[in-house]
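In: Sharing a sequence plus its predicted fold:
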Amino acid sequence: MSEIGFVDVAMRFPARKGEVRALERISLTVPDGQFACIVGPSGCGKSTLLSIAAGLVTPSEGDVLVDGKPAYSPGADRGMVFQSYSLYPWLSVRRNIEFGLEVKRTPKPERHQQSSELIHLMKLDGFADAYPKALSGGMKQRVAIARALANDPEVLLMDEPFGALDALTRQIMQEMLTDLWQRYRKTVLFVTHDIDEALFLGDVIYIMTNRPGRIRTTLSVDLPRPRNFEMVSSARFTELRNQVVGIIHEESMKAVESELARA
Amino acid sequence: MSERVPATRPVTASSAATRRRRRSFVRTYLTPKRSIPRRTVLILGAVGFAAIIAVWTLIAVITYDPSVSRDPALRDSLQLVPRPDVVVVAWIDMVEHLGFPADVAWSTFRIVAGFALAALIAVPLGLLMGSFEIVRAFFQPPINAIRYMPASAFIPLLILLQGLGETEKLTVIWIGVFFQLVLMVMDIAHRVPSEMLSVAYTLGASRWTVFRKVFLPATFPEVVDALRITMGWAWTYLIVAELVAAQAGIGVFILIAERFFRADRIIAAIITIGILGLITDFLFATYHRWAFPYVEKVQA
């Protein structure tokens, strides 16, 4: 069992006038082995929510529960992948992937075997000893994912991991990730603003409202698994997308209006 | 089919062709940020260097005053603007007969010692200031204020406090380097992407591990760069300190040369400092390339 949940999580930041309410009363649970996506307009606090899940940010109110137990600080049970890759440029691909294992003092032969496995799985063969500077964006993100997976976390938290990649690379990465999930069945919480990405990857989509961020709608994605890219053109996919687009559009309009009202 | 050449090829196209070529010159060399052929870069560099020597020689020839000395052996050397070749002869003379290498050794020792003492404290303190706001809040205001006080202005005070010995020289260099370096290192530490640290936490690393295995290595290449830059400034402070009062050193040598109207020796000494600076720079750059092969080269 490895599930992650939020109980009445709220986040407020002090501002010049009073405070900014970034997140309000977020409660949701991602059960073991589920791939959950959070989508919402930019600035809705979805990345903040993920940082709270990782324990990097302390919420103003509420709790994060990992397997029912509150988690107050970051730990190896919740691996994180950022949009900016955040690889360590002074470490080779292999040593980047082994970073968490080194922290845990895993014996070297075991470390080596695990990283070799992941290098092969993430199609990084031949790059084990390369420095990150030699890699393309897609490869860098594959190393970052491998680094998180090497630690065998309970939950994988992904903050717009493919946001910086070009459209073609992004599609390939999505396919790789869905295959990977099929294999490991990790509990995943995935933040994105790309609706197609959320539909393609997720079992369930949480659509957030404009600030203060709340969960506006929960949508379960009943597309069959394992998924492949032909599915994107299926009638059901289009139907679901129209549904999500409608809700997000409404929220984005509200965001624009509230910005105008403030100006 | 291959015979289809335009029937009327313009015969008097010379002016049009020139214009086209000129436009391509403009496009090749006068487009902002566009790189030019490697050969041109080298040629321009050499020409620039030669131009300086040429202008210098020209001024020397124009201002040549034969009445400075009745001794023909000294006439060239005593010119206020001596020719480049005279300076080269003076340099050889300095090295062979005037004990100049000892002065260079003294100055180099002071530079290395003063700089090392400054870096030894500035680098750790800068790293702490860049990573812990509590340290930064305490140290930054005074350091920022002192940074604008010129190190050379402290010399008379330091002479009163410390006398004319080596301590005074090292302190001048220390003041000149320390306050600049500490703020540069602080900035470097401050710029380490926080996500790099966040990732380490989510991989199970403790604060200490994150500091040691992520934060420190992330700053190293830029810290070496900062050392390289501040090392150059250290020379300025050293020479000023030596000009004021010292027993030996390049600064003293320059001062004595001035008393005897030997501009040739002054210039030779200044060029020596420049060459020493280039050597230090080269050593730092080589070390950087060797120690940090993973650093992405920024396109100049």
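Out: Great, that's in hand.

In: Relative to chain A, how far out is the residue nearest to the spatial centre of chain B?
Out: Central residue check for chain B by Cα atoms, centre = their mean: the C-alpha nearest the mean position is that of residue B:232, 4.3 Å away. Between residue B:232 and chain A the computed distance is 26 Å (Cβ to the nearest Cβ, to the nearest Å). Every C-beta, even on glycine, is put in place using the N, C-alpha and C of the backbone.

In: same thing with residue B:151?
Out: With Cβ to the nearest Cβ as the criterion, residue B:151 and chain A are 34 Å apart.

In: Number of residues surrounding that residue?
Out: Residues lying near residue B:151 (other Cβ atoms under 10 Å in any protein chain shown) number 25.

In: Local confidence estimate at it?
Out: Here the pLDDT value assigned to residue B:151 is 86.

In: Tell me if I'm right that it and residue B:170 touch.
Out: No - assessed by Cβ atoms under 8 Å, residue B:151 is found out of contact with residue B:170, at 11.8 Å.

In: residue contacts, residue 88?
Out: Using chain A. By Cβ atoms under 8 Å, 6 or more residues apart in numbering or on different chains, the contact list for residue A:88 reads A:95-96, A:99, A:132, B:196, B:214, B:217-218.

In: Not quite, go with chain B.
Out: So residue B:88 contacts residue B:268 (Cβ under 8 Å, 6+ apart).

In: Mind checking what secondary structure it has?
Out: helix (DSSP: H, G, I helix; E, B strand; the rest coil).

In: Please name the spatially closest residue to the residue nearest to the centre of chain B (chain neighbours excluded).
Out: residue B:277 (5.9 Å; Cβ to Cβ, 6 or more residues apart in numbering or on different chains).

In: how about residue A:129, phi and psi?
Out: phi -100, psi 10 (degrees, to the nearest 10).

In: How many neighbouring residues does the nearest residue to residue B:249 once chain neighbours are set aside have?
Out: If the residues on either side of it in the chain are set aside, residue B:249 comes closest to residue B:242, at 4.1 Å by Cβ to Cβ, 6+ apart. Residue B:242 has 24 neighbours, counted by other Cβ under 10 Å.

In: hang on, residue B:261 in a strand?
Out: No - Residue B:261 sits outside any strand when classified using three-state DSSP, being coil.

In: Quick one: residues contacting it.
Out: Contacts of residue B:261 (Cβ under 8 Å, 6+ apart): B:68, B:78, B:80.

In: And for the first one, the neighbour number?
Out: Each residue near residue B:68 was counted by other Cβ under 10 Å, and the total is 15.

In: Please name the residues that touch it.
Out: Counted by Cβ under 8 Å, 6+ apart, residue B:68 has contacts B:74-75, B:78-79, B:261.

In: pLDDT below threshold where in the stretch 1-150 of chain A?
Out: Low-confidence segments of the stretch 1-150 of chain A (pLDDT under 70): A:1.

In: Contact residues of the stretch 1-150 of chain A facing chain B?
Out: Residues of the stretch 1-150 of chain A lying close to chain B by Cβ under 8 Å from any Cβ of the partner chain are A:51, A:54-56, A:73-76, A:78-80, A:82, A:84, A:86, A:88-90, A:99-100, A:103-104, A:131-133, A:144, A:147-148.
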